[in-house]
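K.L.:
Here is the input, now give the coordinates:
(one chain, ligands or ions: 3)
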Amino acid sequence: MRIHVVDHPLVAHKLTNLRDETTDSPLFRRLVDQLVTLLAYEATRDVRVGPVQIVTPVAPTSGVRLTDPQPLVVPILRAGLGMLDGMMRLLPTAEVGFLGMMRNEETLEASTYAERLPDDLSGRQCYVLDPMLATGGTLAAAIKFLTDRGADDITAICLLAAPEGCERIEKELAGLDVPVTIVTAAMDERLNEKGYIVPGLGDAGDRLYGLAG
Ligand SMILES: O=P(O)(O)OC[C@H]1O[C@H](OP(=O)(O)OP(=O)(O)O)[C@H](O)[C@@H]1O
Ligand SMILES: O=c1cc[nH]c(=O)[nH]1
Ligand SMILES: [Mg+2]
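P.N.:
Numbers count the residues shown, from 1 in each chain. Ligands and ions are numbered 1, 2, ... in the order given. Okay, the predicted model is just below:
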């Protein structure tokens, strides 16, 4: 598993504002949108392209275009939905599959409550969107879901990651012969006793959409 922490002053600036507890939901949503576009630029460094011939108004030339099958973007509901528009701005021809997952806040175990994905993901580059990689339970389950469908190339874009969660994913994916890359704006210090990322930004879903009740 490869972990790429994006080191860029604009990312750091926007992340600081995102973390700030005085940032309200409308600004939080805008910052998530802007951050994901910056992270996606790094995350798509290996997106598959193939050569094409075109003619400019001046002369014929060669270039590249994204190849089929188009990449699949998979936001993890609920909070990952806040990252979808920013990702699609960069990859407008991508297809979108959905996974609804929820972490039990007592046991910290993730469960899946919704799924709408293509049946066969072999040969597809999959980009999973989830702002928080905390214990890693949610992302590990999502990656297994995708590999069970044949995905063979997975990149997860997370705004924040915790070292404990990355270690867990590494362990759970040992033996899985699929390249997995995690792209994040920051590797935070640790988890607290409630499984929240420290310093983190609180509950991403609640800050995007309000309390789930
Ligand atoms: O790494 P983990 O310990 O599994 O935690 C991370 C998950 O927790 C949050 O989702 P949550 O369950 O709060 O659902 P929500 O997006 O609907 O708020 C977050 O959006 C991640 O999906
Ligand atoms: O810090 C955390 C951990 C899990 N989910 C969140 O939204 N925030
Ligand atoms: Mg939540």
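
K.L.:
Could you show which parts of the protein are in contact with ligand 1?
P.N.:
Residues of the chain lying close to ligand 1 (C-beta under 6 Å from any ligand atom) are 76, 78-79, 101-103, 108, 110, 130-138, 165, 195, 203-205, 212. Heads up, the C-betas are built off the backbone N, CA and C, glycines and all.

K.L.:
So which bits of stretch 56-76 are buried?
P.N.:
For stretch 56-76, burial by neighbour count (16 or more other C-beta atoms under 10 Å) applies to Leu66, Gln70, Pro71, Leu72, Val73, Val74, Pro75, Ile76.

K.L.:
any idea which of the residues you listed is the one closest to ligand 2?
P.N.:
Using C-beta to the nearest ligand atom, Ile76 comes nearest to ligand 2 of the buried residues of stretch 56-76, at 10.8 Å.

K.L.:
Tell me which residues touch the closest one, please.
P.N.:
Leu99, Gly100, Met101, Val128, Leu129, Asp130, Thr138, Leu139, Ala142 (C-beta atoms under 8 Å, 6 or more residues apart in numbering).

K.L.:
Those residues of this structure touching ligand 3, which are they?
P.N.:
Proximity of the chain to ligand 3 (C-beta under 5 Å from the ion) is limited to residues Asp203, Gly205.

K.L.:
longest helix anywhere in the chain?
P.N.:
Ranked by number of residues, the top helix in the chain under DSSP state H is helix 25-43.

K.L.:
Return the list of helices and strands in contact with it.
P.N.:
helix 9-19, helix 84-90, strand 126-129, strand 154-161, strand 180-187, helix 204-209 (3 or more C-beta pairs under 8 Å, 6 or more residues apart in numbering; DSSP states H and E).

K.L.:
quick revisit: in strands only, show me the residues of the chain next to ligand 1.
P.N.:
If you go by DSSP state E, the residues of the chain next to ligand 1 have Ile76, Met101, Met102, Arg103, Ala110, Met132, Leu133 in strands.

K.L.:
check contacts around the nearest residue to Thr93 once chain neighbours are set aside.
P.N.:
Computed as C-beta to C-beta, 6 or more residues apart in numbering, the closest residue to Thr93 that is not its neighbour in sequence is Gln70, at 5.1 Å. By C-beta under 8 Å, 6+ apart, the residues touching Gln70 are Thr93, Ala94, Glu95.

K.L.:
what about the first one, how many neighbours?
P.N.:
By the measure other C-beta atoms under 10 Å, the count of residues near Thr93 is 10.

K.L.:
do the same with Ala94
P.N.:
20.

K.L.:
In contact with Glu105, which residues?
P.N.:
Lys194, Gly195.

K.L.:
any idea how far the closest residue to Leu10 other than its chain neighbours is from Arg29?
P.N.:
Once flanking residues are discounted, Leu10 sits nearest to Leu38: 6.4 Å by C-beta to C-beta, 6+ apart. Look at Leu38 and Arg29: by C-beta to C-beta, to the nearest Å, they are 16 Å apart.
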